[in-house]
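Colleague: kindly generate the corresponding structure for this input.
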Amino acid sequence: MAKTIITAALTGAVTPAGYKIPETPEQIAQAAYEAWQRGAAIVHLHMRDENGLGVMDPERFRETIKLIRSHKDCDVIINCTSSGDSRVSDDSDYGNARRMEHFKTVPGIEMGSFDAGSFNWGIPGGIFCNSPKFLMALGKLYIEKGIKPELEIFDAGMMRAVNEYARQGYLKPPLHFQFCLGVMGGMGATPAELQYLISLLPPGSTWSAFGVGKGHMPIMFAALANGGHIRVGLEDNVVYGVDKDGKKIMATNNMLVERAVNAVKAFGNEVATPAEAREILGIPPLDAEAVRRQLGIE
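Modeller: Purely as a prediction, here's the structure:
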């Protein structure tokens, strides 16, 4: 049977007030461990500061990864954001350096996001800035550190951009894409729009997809139907469904991962283990003992 990789995006950089999102390194690490226990092969990590705001703090990444790897049985793939703080995304030298610092200094990061262009978040929103200067530097760093880029695609033009970065040597095939659908400044979370993006994939690529908010379920099932992998988690969707009275059922990361596992099995696929996901994505096997030594875990 085909193997489907489940990514759990646990936290995100921005969450509406009133939702119970893991924020501290301890909470995020525990959420990562529980998501892995339930079937997630990859955990996508953002950090929050003491006020609950997204922050690119290398020490918080280090502490979270150290706590995850302290579980000797946990071989989950660790995927870190490069865009977790809107306060340092203005293409300044300081902002760009801050967005990459953890990849340079923190051991154990196997994947990193590569948001393949800039766009407007929505109304009123702001600009999500990912300039060519930043992306070229990020791509070179990923190659140097052996980190697998997750090419986050919000609109079709970003597919052309990725091809050009690859042609110029800033990305190394085979490429892995994450289709991020439903943001106001990008493509909608519909099966038709996902299908168009799939048609633009370079040969030999792998891909995953998710829909924001109400687009979560349509894109999950469309991704399965088209042979892709899936991402779930509180970064993208905080509502699980509605009860018999029409009231919202608030989600947890565990609930979303468990539903994804059931969907994969109902479709007739098998949930990929982290070891299988590494093989599918071309990521080297995990040397857990070496990573623990580098992190100072006894």
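
Colleague: when you work out contacts or count neighbours from here on, use the C-alpha atoms and nothing else.
Modeller: Noted.

Colleague: helices and strands around whichever strand or helix holds Gln37, which ones?
Modeller: In this assignment (DSSP states H and E), Gln37 forms part of helix 25-38. In terms of contacts (3 or more C-alpha pairs under 8 Å, 6 or more residues apart in numbering; DSSP states H and E), helix 25-38 is packed against strand 42-45, helix 58-69, helix 253-267.

Colleague: so which of these is the most surrounded?
Modeller: strand 42-45 (a mean of 26; mean count of other C-alpha atoms under 10 Å).

Colleague: got the CA positions of the stretch of helix or strand Ala290 belongs to in CSV?
Modeller: Ala290 belongs to helix 288-295 when assigned by DSSP H and E. What follows is helix 288-295, C-alpha atoms only, in CSV (Å, rounded to 0.1, in the frame of the first residue of the first chain):
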residue,chain,number,x,y,z
ALA,A,288,19.7,10.1,17.4
GLU,A,289,22.7,9.5,19.6
ALA,A,290,24.8,12.1,17.8
VAL,A,291,22.0,14.6,17.9
ARG,A,292,21.5,14.1,21.7
ARG,A,293,25.3,14.5,22.3
GLN,A,294,25.2,17.8,20.3
LEU,A,295,22.3,19.0,22.3
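
Colleague: quick one: mean pLDDT over it.
Modeller: The average pLDDT within helix 288-295 is 96.

Colleague: OK, contacts around Cys129?
Modeller: Neighbouring residues of Cys129 by C-alpha atoms under 8 Å, 6 or more residues apart in numbering: 89-91, 117-119.

Colleague: please redo it, this time with the cut-off set to 10 Å
Modeller: 83, 86, 88-91, 115-120 (C-alpha atoms under 10 Å, 6 or more residues apart in numbering).

Colleague: okay, it and Ile283: tell me how far apart.
Modeller: Cys129 is 28 Å from Ile283, where distance means C-alpha to C-alpha, to the nearest Å.

Colleague: select from the contacts of Cys129 every entry located in strands.
Modeller: Among the contacts of Cys129, the members falling in strands (DSSP state E) are 115, 119-120.

Colleague: buried subset of those residues?
Modeller: The neighbour-count test (16 or more other C-alpha atoms under 10 Å) marks 115, 119 as buried among those.

Colleague: quick one: Leu171 is in a helix?
Modeller: No - Leu171: not assigned to a helix; according to DSSP: H, G, I helix; E, B strand; the rest coil it is coil.

Colleague: please consider this matter closed, and thank you.
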